[in-house]
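Visitor: Predicted model and sequence follow; I will ask about them next.
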Amino acid sequence: MNHHPLLSVPGVPPPNPTILIIDDNPNNLSFAVYSLEESGFNVLVAQDGSSGLKRAQSVQPQLILLDVVMPHVDGFETCRQLKLNEETCDIPVIFMSALSDTEDKVKGFEVGAVDYVTKPIQREELLARITTHLRIQALTHQLQQQNQQLQQQAIELAQAKQAIEDVNQELQHVAYFDSVTAIANRRHFDMHLRQEWQRLARDQEPLSLILCDIDYFKRYNDHYGHQAGDVCLKDIAQSMHRVMKRAADLVTRYGGEEFAIILPNVRLKGAVHIAQLIQMEIRHLEIPHAQSTVSSNVTLSLGISSQIPNLQQPPESLITAADRALYQAKAQGRNTYALALSN
């Protein structure tokens, strides 16, 4: 038995593809079956359109040879119904007919056929056309599979990209936010202060800074425990955050029990107002502090500095001034604020 050339071509159907022949002429069937089986095909037959439709749906052949002129349901109608059925619409159909009019051929292509073989059928031509369309079908399936793989890879790539973005966001949060208080950390403070210093130096607009220190916080930790101390830090941080109304204002944990508030485009008077609001918020918390010598509840000391930045000075000059003011507030008995102007 000879084997058709498809068997050695990558990406084509497996050996012995199934061909369904739908033809009511026994002589045509006998010739076609013999020619195809000799070439290594698995051949099935149906002698009318109705049985051909049923067999095509149940067997799912790789290709259908379809006679045009048949009783009851002709080849054109059979092909049309094959193409309307989801299970058979992708099976290539080659018409076989003695009709050679261009109109008939055009009609065959319009109902979904891929090719047309004119009777009497030549064996070599039939095999060549079948081989060609099976290759096209196989390559089409291969392309569909590759497209599906590419789509899946695109989905996986998008998921991986999103996962990386999520990790980066998490790393960013870890890098710039304090785990205890959930507000910005010292690193975030340093970066934001530099950015605002440079921006406001160009605009010649004021920049204010408030440094805050929880009064006698070491005593608080020793008395209530570090877990309670963390809760206290978080409550105070969130209270400060509630006072801020602008996106540009930044509340940070400066270190230990110290907080820092950056206030761009705010003059000294405005910074004093913010400090007073913060003290009011802290008083409303009414966090007990049995070891404080200035109040029965937790209090803050605050140092405030303000200046118009210039690029000849480092932003640390603003910090130094606020730190000096904070020292003054503590020297004045704590639970208060003091002012300093940077030079």
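Guide: Alright, I've got the coordinates.

Visitor: how many neighbours does residue 121 have?
Guide: Neighbours of residue 121 under the rule other C-beta atoms under 10 Å: 18. The C-beta positions use only the backbone N, C-alpha and C, and glycine is treated the same way.

Visitor: Tell me who's in contact with the residue lying closest to it once chain neighbours are set aside.
Guide: Leaving aside its sequence neighbours, residue 121 sits nearest to residue 96 (C-beta to C-beta, 6 or more residues apart in numbering; 6.4 Å). Residue 96 makes contacts with 23, 28, 32, 65-68, 117, 119, 121, as judged by C-beta atoms under 8 Å, 6 or more residues apart in numbering.

Visitor: Please settle this for me: is residue 96 part of a strand?
Guide: Yes - assessed with DSSP: H, G, I helix; E, B strand; the rest coil, residue 96 lies in a strand.

Visitor: Counting by contacts, list what the least confident helix or strand in the chain by mean pLDDT packs against.
Guide: Every helix and strand of the chain was ranked by mean pLDDT, DSSP states H and E. The lowest is helix 102-110, at a mean of 84. On a contact count with 3 or more C-beta pairs under 8 Å, 6 or more residues apart in numbering; DSSP states H and E, helix 102-110 meets helix 75-84, strand 93-97, strand 115-118.

Visitor: Pull the distance from that helix to the chain's centre.
Guide: Centroid separation for helix 102-110 versus its chain: 48 Å, with C-alpha atoms, centre = their mean, to the nearest Å.

Visitor: Return the set of buried residues in that helix.
Guide: Using 16 or more other C-beta atoms under 10 Å as the test for burial, helix 102-110 gives 104-105, 107-108.

Visitor: now that helix against strand 93-97, angle please.
Guide: With axes from the mean of the first three to the mean of the last three C-alpha atoms, to 10 degrees as the basis, helix 102-110 and strand 93-97 are set at 160 degrees to each other.

Visitor: Report the beta-bridge partners for the residue nearest to residue 121.
Guide: With DSSP bridges as the criterion, residue 96 is bridged to residue 67, residue 117.

Visitor: what does the model give it for pLDDT?
Guide: Note on residue 96: pLDDT of 88.

Visitor: a helix runs through residue 282, doesn't it?
Guide: Yes - under three-state DSSP, residue 282 sits within a helix.

Visitor: residue contacts, it?
Guide: Residues in contact with residue 282 (C-beta under 8 Å, 6+ apart) are 236, 239, 298-300.

Visitor: what about 10 Å?
Guide: Applying C-beta atoms under 10 Å, 6 or more residues apart in numbering, we find residue 282 in contact with 212, 214, 235-236, 239-240, 243, 295, 297-300, 335.

Visitor: now do residue 311
Guide: 197-198, 201-202.

Visitor: same check, this time on residue 248
Guide: 192, 196, 199, 262-266.

Visitor: Now do the SS call for residue 147.
Guide: Residue 147 - assigned by three-state DSSP - is helix.

Visitor: rewinding a little: for residue 144, find the nearest of the helices and strands packed on helix 102-110.
Guide: helix 75-84 (17.6 Å; C-beta to C-beta).
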